Each structure stands twice: as structure tokens, then as C-alpha cells.
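Asks: Have a look at this prediction, sequence included:
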Amino acid sequence: MKGSNTMKMKAAVMTAVGKPLEIREVELDPPKSDEVMVKILATAVCHSDLNVLNDPTTPMPQVLGHEGAGEVVQVGDNVKTCKVGDKVVLSWDPACGTCAFCRTGKTNLCESAFGPMFGGTLMDGTSRLHMDGKPAYHMSLLSTFAEYTVVPEMSCVKVPDEMPMTPACMIGCGVATGFGAAVRAAKVTPGSSVAVFGLGGVGTNAIQGARIAGASIIIACDIKDDNLEQAKQYGATHVINTLKVDDVPAAIKELTEGLGVDFAIDCTGNTKVGRMAWMSGRKGSTTVVIGAYPEDGELTIPAGSFHRVGKILKGSFYGDINPFNDFPIIAQMYLDGTYDLDSLIIEKIKLEDINKAFDAFGDPDANNMGRYIIEFK
């Protein structure tokens, strides 16, 4: 392994719960044998970053960021899946490849990363980050709000060299999760009907996934008229403002021959909407829950005649995707002109302006269907 010295770089650091990120000089150690150093070329700001910023259990100081793309600049001695010069999109959920879930193809359910993730370290329980002479912590094993990062090999997914890194960075979380919710978890079929509840970064891409899967009716459901209008450009054939309709399931049934949809996808994280999604499905339908419900929440659905309707209720984590399979597929669809990522870019900003993106989360009138993206030149 060449170049074994610790390097200094600029990063956006969480130093206090709920406070603006600070742009600081941080030291980064070289990768270990099964790790990769990536020069970050673009990184998106996701609502999950805000969740970490507001979480009192977050280890600090921590370099945030988990939607990133860039170029491999250094690899550990045992790395086999990528090489220096490769363009990669980073996955925050690296799979071990050997556990019971990985062995059966359910890599999104692998638990190996979550202990280190909650501890703010890499997979071996240690950090490659230092600030002011003390250890600093990683977010989701990635910490993409920095000029460089060291990540597990299994977090690096190679994409075509011609893929621009600015749209590519969004693939690593919200885009792939939404696409996967429709294509992998729900398994939307050609000619089917789909209702998507919640049109943030995940819901928008669930609509795109449903369109790509060949759904003939795609009903977008949200509380913001601007979001609903924008959803049409991604493939929505009908829109419903759920604040303005007394009985949403009934309205959806009116659009689907009185039956309800074949597939309902709840991206909201609201259990009341989850029930609404379930009630909007016809006999034999599938309802996929992709939004994160509160730990103390309860999802209730009618028990009467449950066995007679043949419906499926399915939770989905990371859209049931396999990053090494699905990231390149989405990138290629973008290059082919069949997947819209460019319009999901709200604004391109510099690292120094990152708190502008966080402030937008608190603005109810702000665009929440895309991402602020930090570009590194």
C-alpha cells in the first residue's frame, strides 16, 4: 500500500447536538487492509444527516455525511473490488457477505455494520479521523462531508467512468431506496397500479421506479401541491392532496375501478399514513413500508376478514436493494436518459455553505423533493 502518512483535510464537523456544523481541519489516517480512501467529488445532504445532528446519542466530534461519490485514491492490501482511479458511489450499509442474511441474498438485512455505525467507527471498532489531537468519529462508516474519506471496501460500488459524480452521489441513499421500494420490495409489475405516499427524496424515486417497472397508474399522495405537481414529471399519472380529501382510500379506489391499487408504498414514517396505504390496496395487493416509524409507534390495520383479502404488508430496509447490483443499474439508466437525477438537484453549494442545506429542513415551504449537493473541485 502506497502513501501511509496521515493527511490533513477540510470537513464539516458536528460538535454539539442540534448546532450548526463547523468547518474544521481534520486528520485522516490511511486505509487498513480491507479499506479504501476516496476523494469525495460530490456529496448530498439528506434528512438522515439532520437526524444524526439532533440525536443526543451521537458520538462527537463527528464528520457527518453519507450520500457521497468520488474517486478511489488509495486501497488496502486486501482490497479486490476496486482500484485507484475508479469512480465509486458509497453505500452506508456494507454487507459482510457471510452471515445468514448475506448467504441468502438479503444483504440489506446484514447486521454487521450497525454496531460500528452507532459507535461512530469503522468496521474494526476504531476511527481513521482525528481532530485537535483526539479521535473524531465517522457517520455511517462514510463521513462524506469532507474532502477525503476512508471507508470499508464493501462500501465502494464502482459505476461507469462517464457517470457524473454530482448526480451519482444521490444514488447511495434516497434514490436507491425509493427505486428499490418499487422495483425490489414491492416488485411492481407491468400494467399495475401503484400509490406512493410521501414525496420526499425517497417517494419521488419510488415513483420513478414504478414507472420504470411499467406501472400504468401511479398515484402520488402528499400534503404539498408543489410536490404533487412536480411528481408528474417523474411518472405520476394522478395526484391526491391527502389534506384536501376526506377519504383517501376511497379516492384511490375511484381511480382504480373501485378496487384499490395493486401496490401501495408508504414513505412517510407516519403510522396513520401506513394504515391509509394499506386501506388503499385491493385484494391481493402489497403494501410496502419504507419510511421509518417511531420506535414507540403502533401500526393498526383491520383484523376482520384479514385472511380473506390475501394482502401483504411488508417492511423494507434500504429498498431491499443490493448496492453492487443496483447502483450501477441506476447509473446506467441515468446515462441512457431513462432515469432523472438532474432535476433532483435543488442547488449545488460549497462545503462552507452546508448549513444552508440544514436550515432548509426547517422551512415548510422549501423544496424537499431533492438534495442540496456539495461539490468539491
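Replies: Arrived safely, thanks for sending.
Asks: Mind jotting down where the helices sit in the protein?
Replies: In chain order, the chain shows helices spanning 47-53, 100-103, 114-119, 165-168, 174-180, 201-213, 225-231, 248-254, 271-279, 306-309, 323-336, 354-361, with DSSP state H as the criterion.
Asks: For the last one, list the C-alpha coordinates in PDB.
Replies: Read that as helix 354-361. Included here for helix 354-361 are C-alpha records, laid out as PDB according to Å, rounded to 0.1, in the frame of the first residue of the first chain:
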ATOM      1  CA  ILE A 354     -23.500  23.400   4.200                       C
ATOM      2  CA  ASN A 355     -25.600  24.800   7.000                       C
ATOM      3  CA  LYS A 356     -27.800  26.400   4.300                       C
ATOM      4  CA  ALA A 357     -29.000  22.900   3.400                       C
ATOM      5  CA  PHE A 358     -29.700  22.100   7.100                       C
ATOM      6  CA  ASP A 359     -31.700  25.300   7.500                       C
ATOM      7  CA  ALA A 360     -33.900  24.300   4.600                       C
ATOM      8  CA  PHE A 361     -35.100  21.300   6.500                       C
END
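Asks: Tell me the buried residues in it?
Replies: The neighbour-count criterion (16 or more other Cβ atoms under 10 Å) identifies 354-355, 357-358, 360-361 as the buried residues of helix 354-361. Bear in mind the C-beta positions are built from the backbone N, C-alpha and C, glycine included.
Asks: Relative to Gly291, which of the residues you listed is nearest.
Replies: Minimum distance to Gly291 across the buried residues of helix 354-361 is 15.9 Å, recorded for Phe361 (Cβ to Cβ).
Asks: thought the closest one was touching Ser48?
Replies: No: assessed by Cβ atoms under 8 Å, Phe361 is found out of contact with Ser48, at 10.9 Å.
Asks: still on that earlier bit, now the buried residues of helix 354-361 in CSV, with distance to Cys82 and pLDDT?
Replies: Shown next, in CSV, are the buried residues of helix 354-361 (distance: Cβ to Cβ, whole Å; pLDDT from 0 to 100):
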residue, distance to Cys82, pLDDT
Ile354, 27, 97
Asn355, 32, 97
Ala357, 28, 96
Phe358, 31, 96
Ala360, 33, 93
Phe361, 33, 91
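Asks: Just flag the most distant two among the residues you listed.
Replies: Comparing the members of the buried residues of helix 354-361, the greatest separation, given Cβ to Cβ, is between Ile354 and Phe361, at 12.1 Å.
Asks: right, and the helices of the chain - which one's nearest Ala146?
Replies: Ranking those by proximity to Ala146 (Cβ to Cβ) places helix 354-361 first, at 11.0 Å.
Asks: for Ala220, what are its contacts?
Replies: Ala220 makes contact with 196, 199, 203, 207, 227-228, 231-232, 236, 238-240, according to Cβ atoms under 8 Å, 6 or more residues apart in numbering.
Asks: For it, name its beta-bridge partners.
Replies: The partner list for Ala220 in beta bridges (DSSP bridges) reads Val196, Val239.
Asks: Nearest the geometric middle of this structure, what residue?
Replies: For the chain, the residue whose C-alpha lies nearest the mean C-alpha position (Cα atoms, centre = their mean) is Cys173; its distance is 2.2 Å.
Asks: wouldn't that one be in contact with Asp49 here?
Replies: No: judged on Cβ under 8 Å, Cys173 makes no contact with Asp49 at a distance of 9.7 Å.
Asks: Now the common contact residues for those two.
Replies: Applying Cβ under 8 Å, 6+ apart, one finds that Cys173 and Asp49 are jointly contacted by His66.
Asks: okay, now Pro30: neighbour count?
Replies: Residues near Pro30, counting by other Cβ atoms under 10 Å, number 17.
Asks: Cross-check the contact I'm expecting between it and Val73.
Replies: No: checked against Cβ under 8 Å, the pair Pro30 and Val73 is beyond contact range at 10.3 Å.
Asks: Check what contacts stretch 292-302 and list those residues.
Replies: Outside of stretch 292-302, the residues within contact range by Cβ under 8 Å, 6+ apart are 269-271, 274-275, 278-279, 289, 313.
Asks: Please, where are all the strands along the stretch 51-200 of the chain?
Replies: 62-63, 67-75, 87-90, 129-131, 134-138, 148-152, 156-158, 193-197 (DSSP state E, counting those that start in this stretch).
Asks: Just put those strands in JSON lines and tack on distance to Pro302.
Replies: Supplementary listing: the strands of the stretch 51-200 of the chain in JSON lines, determined by distance: least, Cβ to Cβ, whole Å:
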{"stretch": "strand 62-63", "distance to Pro302": "44"}
{"stretch": "strand 67-75", "distance to Pro302": "38"}
{"stretch": "strand 87-90", "distance to Pro302": "41"}
{"stretch": "strand 129-131", "distance to Pro302": "50"}
{"stretch": "strand 134-138", "distance to Pro302": "44"}
{"stretch": "strand 148-152", "distance to Pro302": "44"}
{"stretch": "strand 156-158", "distance to Pro302": "41"}
{"stretch": "strand 193-197", "distance to Pro302": "18"}
